[in-house]
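> A structural model of the following input is requested.
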Amino acid sequence: MKPKIRAVGFDFDGTLIVSEEQKAKQMAVVFKEKFKIQKGVETAYKKLSGKALSREEKVKALFKLFLKRKSTKKELNLVKGHFGKHYQQSLQTCPLLQCTNIVKELKKQVDFIFLLSLEDKKEVKKVADHCGLGKYFDEILGGPKPKVENLKHILKKHKLKPHQVLYIGDAHSDIVASKEVKVKTILLGKKHRYEKLKEDLEADFRFSNLCDVPFGVEKLNSR
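Next up is the predicted model:
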């Protein structure tokens, strides 16, 4: 008998909501208003989004790239507060992807549903609640902790074996984090910047988008 999936986790940005473009634009606004950097931040932030970096790590990288120095703790807090405000405001229209009702459907079939993001945990919760998704998640996790640490927390706190957890994401960082803790993973999307590496890592399942993921968890127990 195949091991049963008892918990399902979802990435947030790019998996349930469309916000990567907005985040890059808002980070550019922050650096323009606070540090007088006029150009390049939006493009640089988009490139950093393809890596397994928390928002704080991205900001530190932007400081080195544009200001040629390390950021201070005060500056990191300044960016966090300013960006967080813009991030929440920019998502007030709730740009949900199609088929997010899969969260509600899978919740009926497993013991535990969680939301996992690299963005600030408090902000993710506010946006998820505002968009009507927060109530479906038993736990919402986010930055500044990395995804691997949060996945380990899920396994330990809820006494789950890695093969009993399925994580759904759309990025290279989702696959890397899932494989490091040996949980099952679904990769969404047709095109990826790290396609060759993704093939080597081999996600357990691959679908073009969230609408293609089976609503019945028994179909995902096949591996």
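> residue 62 is in contact with residue 44, correct?
Yes: judged on C-beta atoms under 8 Å, residue 44 makes contact with residue 62 at a distance of 6.2 Å. Bear in mind the C-beta positions are built from the backbone N, C-alpha and C, glycine included.
> higher neighbour count, these two?
Between residue 44 and residue 62, counted using other C-beta atoms under 10 Å, residue 62 has the larger neighbour count: 23 against 20.
> flag the shaky bits of this structure, pLDDT-wise.
1-3, 50, 52, 86-92, 190-201, 222-223 (pLDDT under 70).
> and the longest strand for it?
strand 112-120 (DSSP state E).
> quick one, strands of this structure?
7-11, 112-120, 139-143, 165-169, 184-188, 205-207.
> buried residues, the last one. List them.
Using 16 or more other C-beta atoms under 10 Å as the burial criterion, the residues of strand 205-207 that qualify are 205, 207.
> ok, that strand: who's next to it in the sheet?
Here strand 205-207 is paired, per DSSP bridges, with strand 184-188 (parallel).
> what residues does the longest helix seen in the chain touch?
Counting by DSSP state H, the longest helix found in the chain is helix 73-90. Applying C-beta atoms under 8 Å, 6 or more residues apart in numbering, the contact partners of helix 73-90 are 19, 22-23, 25-27, 29-30, 33-34, 55-56, 59-60, 63, 71, 119-120, 122-123, 126-127, 130.
> of these, buried ones?
Neighbour counting over those (16+ other C-beta under 10 Å) leaves 19, 22-23, 26-27, 30, 55-56, 59-60, 63, 71, 119-120, 123, 126-127 as the buried ones.
> which of these fall within helices?
Using DSSP H, the subset of the buried ones among the contacts of helix 73-90 located in helices is 22, 23, 26, 27, 30, 55, 56, 59, 60, 123, 126, 127.
> distance to residue 107 added to these, as CSV?
Below are those laid out as CSV (distance: C-beta to C-beta, whole Å):
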residue, distance to residue 107
22, 27
23, 27
26, 31
27, 33
30, 35
55, 27
56, 31
59, 34
60, 36
123, 23
126, 20
127, 19
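> list just the nearest of these to residue 108.
residue 127 (23.7 Å; C-beta to C-beta).
> quick one: the closest one from residue 5, how far?
26 Å (C-beta to C-beta, to the nearest Å).
> on that earlier part again, relative orientation of the longest helix of the chain and strand 139-143 in degrees?
Relative orientation of helix 73-90 and strand 139-143, computed by axes from the mean of the first three to the mean of the last three C-alpha atoms, to 10 degrees: 130 degrees.
> what number of residues lie near residue 39?
For residue 39, using other C-beta under 10 Å, the count is 11.
> nope, residue 180 is what I meant
14.
> same question for residue 146.
17.
> give the contact list for the closest residue to it other than its chain neighbours.
Leaving aside its sequence neighbours, residue 146 sits nearest to residue 54 (C-beta to C-beta, 6 or more residues apart in numbering; 6.1 Å). Neighbouring residues of residue 54 by C-beta under 8 Å, 6+ apart: 118, 143, 144, 145, 146.
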